[in-house]
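Asks: next one to model:
(one chain, ligands or ions: 1)
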Amino acid sequence: AGTLGAAAAQSDRYFGAAISAARLGDEQYTTIANREFTMVTPENEMKLDATQPARGQFNFTAGDRIYNWAVQNGKRVRGHTLLWHAAQPSWLQALSGAALRQAMIDHVNGVVGHYRGKIYAWDVVNEAYADGDSGGRRDSNFQRTGDDWIEAAFRAARAADPAAKLCYNDYNIENWSWTKTQAVYAMVRDFKQRGVPIDCVGLQAHFTSGSPYNASLRTTISSFAALGVDVQITELDIQGAPPQTYAAVVNDCLAVARCTGITVWGVRDQDSWRPGDSPLLFSGADKKPAYDAVLGAL
Ligand code: XIL
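Replies: Okay, the predicted model is just below:
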């Protein structure tokens with residue numbers, strides 16, 4: 001196969017990219033994106049501040065722009081993300097307690113309801129666990145409404161769109177030995193045991209020298225899969241884009257049947273949220289060595 005999407009499809013997987021609505025007028029960008037990728041994640045356009053800038057006033061203009069571009073070009077969409085400590089509108093940041101809990105559920109209902117039947121998978125909750133060795137939750141306004149906020153969000157999302165897969169998404173949960181990985185693993189195991197609706201775990205995979213790729217990624221993927229959830233690499237970018245590391249990530253996903261797809265967090269280096277790291281597969285219109293390594297591994 002001559003493209004990432006076609007190569008991934010040979011094993012019934014997808015290969016996606018984060019797409020930015022502001023770049024859809026850039027022909028070099030859309031040419032690459034349309035040719036190479038079979039799954040689209042809106043980079044920012046379905047986040048809380050974008051979709052509900054004022055309480056009860058939903059705005060799907062930018063989200064729909066990406067959704068429509070994807071579907072018109074035969075691609076599926078990962079919804080990203082319903083509840084996150086960041087990118088919150090100020091009205092939401094000002095709430096607490098029962099009012100905030102209700103606003104969370106209303107937000108899930110509003111966004112998932114708008115896209116009902118149209119989304120492959122939602123990142124229902126993003127980055128809810130703390131870094132380091134506490135093994136606990138990240139402090140946030142959502143967390144302060146009670147430990148059960150995550151399961152409440154998943155139950156609301158399931159009711160609002162029974163067809164969408166529901167994912168928990170986080171970073172620094174790629175290395176099996178990390179405390180944060182084990183904490184998320186325990187949550188997913190608990191959800192499966194108690195019947196809380198969860199279908200997938202997203203490993204962001206933003207690798208840097210401080211947070212590097214480790215071969216235990218394969219154990220992490222297979223361990224989550226053994227709990228009965230799909231696993232996806234959701235935001236892959238690697239500092240310096242070493243070809244062998246990119247190939248290793250692909251091989252780790254392909255080694256586990258329930259690893260259903262890989263998404264890179266942007267198209268060209270100039271599109272990256274950390275362009276100084278040159279972490280992606282394209283430089284301008286050119287395929288980088290990491291691209292060839294990924295295509296060869298798929
Ligand atoms: C980033 C976007 O790439 C930036 O454009 C934005 O300014 C901040 O968010 N984890 C996530 C993504 O789940 O939503 C983040 O995306 C990167 C880290």
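Asks: other SSEs contacting the helix or strand encompassing residue 108?
Replies: Here residue 108, judged by DSSP states H and E, is contained in helix 97-114. Packing contacts for helix 97-114, counted by 3 or more C-beta pairs under 8 Å, 6 or more residues apart in numbering; DSSP states H and E, involve helix 48-51, strand 76-84, helix 90-93, helix 149-160. Every C-beta, even on glycine, is put in place using the N, C-alpha and C of the backbone.
Asks: can you pull out the residues in contact with the third one?
Replies: The one in question is helix 90-93. Helix 90-93 is contacted by residues 48, 52, 54, 55, 100, 103, 107, 141 when judged by C-beta atoms under 8 Å, 6 or more residues apart in numbering.
Asks: out of those residues, which is nearest to the ligand?
Replies: residue 48 (10.9 Å; C-beta to the nearest ligand atom).
Asks: check contacts around the closest one.
Replies: Going by C-beta under 8 Å, 6+ apart, residue 48 touches 82, 83, 84, 87, 88, 89, 92, 107.
Asks: quick one: end-to-end distance for stretch 277-296.
Replies: Using C-alpha to C-alpha, to the nearest Å, one end of stretch 277-296 lies 23 Å from the other.
Asks: coming back round to it: and the angle from the helix holding residue 108 to strand 76-84?
Replies: Interaxial angle, helix 97-114 versus strand 76-84 (axes from the mean of the first three to the mean of the last three C-alpha atoms, to 10 degrees): 170 degrees.
Asks: CA-only coordinates of helix 97-114, as CSV, when you get a sec.
Replies: C-alpha atoms of helix 97-114 as CSV (Å, rounded to 0.1, in the frame of the first residue of the first chain):
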residue,chain,number,x,y,z
GLY,A,97,-20.4,21.2,43.6
ALA,A,98,-23.7,20.0,42.4
ALA,A,99,-24.1,22.8,39.9
LEU,A,100,-20.8,21.8,38.2
ARG,A,101,-21.7,18.2,38.2
GLN,A,102,-25.0,19.0,36.4
ALA,A,103,-23.1,21.3,33.9
MET,A,104,-20.7,18.4,33.2
ILE,A,105,-23.6,16.0,32.4
ASP,A,106,-25.4,18.7,30.4
HIS,A,107,-22.2,19.2,28.4
VAL,A,108,-21.8,15.5,27.6
ASN,A,109,-25.4,15.3,26.6
GLY,A,110,-25.2,18.4,24.4
VAL,A,111,-22.1,17.5,22.5
VAL,A,112,-22.6,13.7,22.2
GLY,A,113,-26.2,14.3,21.3
HIS,A,114,-25.3,16.7,18.5
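Asks: can you tell me which residues in the stretch 101-250 of the chain are near the ligand?
Replies: 126, 204, 235 (C-beta under 6 Å from any ligand atom).
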